[in-house]
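Asks: model the following, please.
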Amino acid sequence: MSNLTMAEKISVPYAEALLAITKNKNLLSETEQDLLFISITLSNSKDLQLFLANPLVSAMIKKKVLFELFNDKINKLILNFLSVLVDRRRIALLVLIINKYLDLTYQLKSITIAELSTAIEFNENQQNTIIEKIKIITKSDNVKLVTSIDSSLIGGFIVKIGSKVVDASLSGKLKQISFYLNTN
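Replies: Numbering: from 1, shown residues only. As a prediction, the model looks like this:
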């Protein structure tokens, strides 16, 4: 845990507490969907992120905005959780808390998270092929593939599973060739 930033360390107990509550109330899947919705909303609005992180905006105003945005869209438990984060001045850590909660949920469900970075978007068939290979490598029945596009890869892909990295990108191969040529 020493490699975690201070913000990441602070976010862990909040994610663990939320997981304990939602597990106890049998709301894991619903909470996962609600948190993904909130995460997408935040990622689509830098202004909202800056607003929530601004210490000059009062807690009451932040709560009012969150209530207006999410009242009819998410479970009341999650809305109350957001209110607690505002009261404790931890709302700026919401994205980290959501990510940690999702990690913990996936661990609980024995889901392996694989991050796939590609030069171009893979179609569904290509993604399914990658998922099947990951299932074989990790001996896992459940794999969640998180995809991203990185044009600097030139071609191919990089898969990250935990601390393991499989670099099948053209830029990775060029770096290997460059390293080999520079050492000889």
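Asks: local confidence estimate at the residue most central in space within the chain?
Replies: Closest to where the C-alpha atoms of the chain average out (CA atoms, centre = their mean) is residue 99, at 4.1 Å. Looking at residue 99, its pLDDT reads 92.
Asks: mind giving me the domain split of this structure?
Replies: 6-106, 111-183 (automatic domain parsing).
Asks: what's the burial count for residue 35?
Replies: Residues lying near residue 35 (other CB atoms under 10 Å) number 25. Yep, even glycine has a C-beta here, placed from its N, CA and C like the rest.
Asks: returning to that earlier point: tell me which other helices or strands the strand or helix carrying the residue nearest to the centre of the chain touches.
Replies: Counting by DSSP states H and E, the element that carries residue 99 is helix 94-108. Judged by 3 or more CB pairs under 8 Å, 6 or more residues apart in numbering; DSSP states H and E, the packing partners of helix 94-108 are helix 6-24, helix 28-43, helix 76-87, strand 111-118.
Asks: tabulate these (a markdown table), appending distance to residue 130 and mean pLDDT.
Replies: What follows is the helices and strands packed on helix 94-108, written out as a markdown table (distance: least, CB to CB, whole Å; pLDDT from 0 to 100):
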| stretch | distance to residue 130 | mean pLDDT |
| --- | --- | --- |
| helix 6-24 | 28 | 94 |
| helix 28-43 | 21 | 94 |
| helix 76-87 | 32 | 96 |
| strand 111-118 | 6 | 91 |
